[in-house]
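A.B. asks: Got a predicted structure plus its sequence, pasted below:
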Amino acid sequence: MSMYLVRFTLASATWARLVEKPEDRRKALEPVFAAAGGKLHGFWYAFGDADGYVLGELPDDVVAASTLTKVAASGAFTSVSTTKLLTVEEMLAALGAASGVTYRAPGAAS
């Protein structure tokens, strides 16, 4: 299972519907994650560049892409972006594997 941080901005029509009829959107999103074999870990509204954030766990990138594409296609959002989060152990493994990668920076000597 992988963790994903989803950043969203709601469309003005969505805000208008929520003002008219407030609802806890976690209750709508929890079964979406569960049906995809995952789990909703958190849902927050925010001030600033985004209207909110969702932290969820899904089986893999393909399931995450299909699930979040379906949510984004609802028309309720002006933007949805997803960041896959790595555990410390995954990053340590990646750092260990990086020592075997050969790379020349632009403009550096061969």
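C.D. replies: Nice, thanks for sending it over.
A.B. asks: So which residues make contact with stretch 54-73?
C.D. replies: 1-6, 8, 29, 32-33, 36-44, 77, 80, 82, 84 (Cβ atoms under 8 Å, 6 or more residues apart in numbering). Where you see a C-beta, it was placed from the backbone N, CA and C, and this is true even at glycine.
A.B. asks: from the chain's centre, how far out does that stretch sit?
C.D. replies: Averaged C-alpha coordinates place stretch 54-73 at 7 Å from its chain's average position (Cα atoms, centre = their mean, to the nearest Å).
A.B. asks: quick one, helices of the protein?
C.D. replies: Applying DSSP state H to the chain gives helices spanning 12-20, 26-35, 61-72, 88-98.
A.B. asks: any idea which of the ones you listed is most buried?
C.D. replies: Among the helices of the chain, the stretch with the highest mean neighbour count (mean count of other Cβ atoms under 10 Å) is helix 61-72, at a mean of 15.
A.B. asks: and E23, how far is that from A109?
C.D. replies: Distance of E23 to A109, given as Cβ to Cβ, to the nearest Å: 61 Å.
A.B. asks: So between these two, which is more surrounded?
C.D. replies: Per other Cβ atoms under 10 Å, whichever of E23 and A109 has more neighbours is E23, with 9 against 5.
A.B. asks: Now do stretch 37-52: everything it contacts.
C.D. replies: Under the criterion Cβ under 8 Å, 6+ apart, residues 1, 3, 7-10, 25-26, 29-30, 32-34, 53-59, 63, 67 lie in contact with stretch 37-52.
A.B. asks: run the last query once more with 10 Å
C.D. replies: Stretch 37-52 is contacted from outside by 1-11, 14-15, 24-34, 53-60, 63-64, 67, 77-81, using Cβ atoms under 10 Å, 6 or more residues apart in numbering.
A.B. asks: One more: stretch 15-35?
C.D. replies: Stretch 15-35 is touched from outside by 4, 6, 10-11, 14, 38-43, 45, 51-52, 54, 56-58, 63-64, 67-68, 70-71, 76, with contacts defined as Cβ under 10 Å, 6+ apart.
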